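**Student:** model the following, please.
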Amino acid sequence: MPVIKTRNVMKGLLANEAMQRQVLKLPENASLGKCISQLIKFKLNGLLVLDSALCPVGVASKTDLVGAFYGGLPVESLLGDIMNGPLLTCFLDDEVEACLNFMRANGVHQLYVRGAEPCSIVGMLSYSDVAGLLYRFCRSCPKSTIRKAERSNHFSCAQPLTVKEIMTKSVISRSEEDSLAEVIEELMTHRLGAVLIRDAHGRACGVISKTDIIVSYNHGTSLEVQARSVMQAPVVSCDQQSPLTEALRHMFLNDVQRLFIHDGDSGHIIGVLSLSDVAQVRSGSCRACSASQIIAAP
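**Tutor:** Below is the predicted model of the structure:
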């Protein structure tokens, strides 16, 4: 009987090969408004908070800022008032696979990479970095189904994973008439990155993400405004039968960290695909990896 061993494209890959080297930092006496501006400008989910000796003492994330907004803290408050610690880190020579396990176990989306010197942070490893690496690997694979010139020759062994196989099937939503405070409550209760907004007919009409919320915070928006005034529309989505690589390309092109999934009707959302979901698919985005590992039983 043949034995199928799933090939892990992340095997042996080290943090320094996948991390991004730009690390955003602010002192603990910087304002929340300054933090929001920096996160939006550099499109990051969090930044390092430094003490007076310029050593990292914690992280201020979008989640922390959403909590500050909901809790009524003025945007002039200091980062030291909301930061979280201790800092979760890895080292340059740690395997990405181990880093992914550590991130999932701790419910975080990124790790900071330590250098040789004390207080030295030389990079950051996030789910988006890993998902981007996976996408590039699969695009360059000679058996990739997204390389049109080779599709006909390899389709039999390189059937793509579909979004339906990877996506999270539960979708949390609120009405467009609900208050921003109610949306935040839903987001924080379920530890979400974004909440789907539905119209009076129950159809998807927009999305409110953490980014939308902290921008509203910085602009002095009331928590009582209706969701429709804050949401982003239209909903960025794709069909459940789309290949995983196509969904990834869609996410990168639209600069979103999650993609809502429909069943052929864009108003009927049945799931959501996040970069954290994609990063956990370590055997590649099609079955060519598995097919190439069929070996004879001893």
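**Student:** where are the low-confidence patches of the chain?
**Tutor:** Applying pLDDT under 70 to the chain flags residues 1-9, 142-158, 282-298.
**Student:** all helices for it, in order.
**Tutor:** For the chain, applying DSSP state H gives helices covering 15-18, 32-42, 62-70, 96-106, 127-140, 148-154, 163-166, 180-189, 210-218, 244-254, 275-279, 288-291.
**Student:** distance to Val235 and mean neighbour count added to these, as CSV?
**Tutor:** C-beta: built from backbone N, CA, C; applies to glycine. As requested, the helices of the chain are arranged in CSV below (distance: least, CB to CB, whole Å; neighbours: other CB atoms under 10 Å):
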stretch, distance to Val235, mean neighbour count
helix 15-18, 30, 18
helix 32-42, 21, 18
helix 62-70, 20, 21
helix 96-106, 27, 16
helix 127-140, 20, 19
helix 148-154, 28, 11
helix 163-166, 15, 18
helix 180-189, 15, 18
helix 210-218, 13, 21
helix 244-254, 11, 18
helix 275-279, 17, 23
helix 288-291, 32, 20
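**Student:** between the ones you listed, which one is nearest to Ser266?
**Tutor:** Closest of those to Ser266 is helix 244-254, at 12.8 Å (criterion: CB to CB).
**Student:** how big is the angle separating that closest one from helix 127-140?
**Tutor:** Interaxial angle of helix 244-254 relative to helix 127-140 (axes from the mean of the first three to the mean of the last three CA atoms, to 10 degrees): 120 degrees.
**Student:** and Ala247, what does it touch?
**Tutor:** When contacts are counted by CB atoms under 8 Å, 6 or more residues apart in numbering, Ala247 touches Val163, Cys238, Leu259, Leu273.
**Student:** no no, Val75
**Tutor:** Ser31, Leu32, Gly33, Ile36, Tyr217, Asn218, Gly220.
**Student:** what does Asn45 give?
**Tutor:** Counting by CB under 8 Å, 6+ apart, Asn45 has contacts Leu39, Ser61, Lys62, His109, Gln110, Ser126, Lys210.
**Student:** go again with 6 Å.
**Tutor:** Residues near Asn45 by CB atoms under 6 Å, 6 or more residues apart in numbering: Ser61, Lys62, His109.
**Student:** any idea how far the nearest residue to the second one once chain neighbours are set aside is from Pro27?
**Tutor:** Going back to what we said before, that points to Lys62. Closest residue in space to Lys62, ignoring its immediate chain neighbours: Lys210 at 4.1 Å, by CB to CB, 6 or more residues apart in numbering. Lys210 sits 23 Å away from Pro27, going by CB to CB, to the nearest Å.
**Student:** and Cys55, by the same measure?
**Tutor:** Cys55 is 11 Å from Pro27, by CB to CB.
**Student:** Pro160 too?
**Tutor:** Pro160 is 47 Å from Pro27, by CB to CB.
**Student:** same question, Ser222
**Tutor:** Separation of Ser222 from Pro27 (CB to CB): 30 Å.
**Student:** which one of those two has more residues nearby?
**Tutor:** Pro27 (15 against 10; other CB atoms under 10 Å).
**Student:** dump the residue contacts of that one.
**Tutor:** Leu50.
**Student:** with the one 4 residues further on instead?
**Tutor:** Applying CB under 6 Å, 6+ apart, one finds that Ser31 lies in contact with Glu76.
**Student:** could you point out which of the helices of the chain sits nearest Asp265?
**Tutor:** Of all the helices of the chain, helix 163-166 sits nearest to Asp265, with 14.9 Å by CB to CB.
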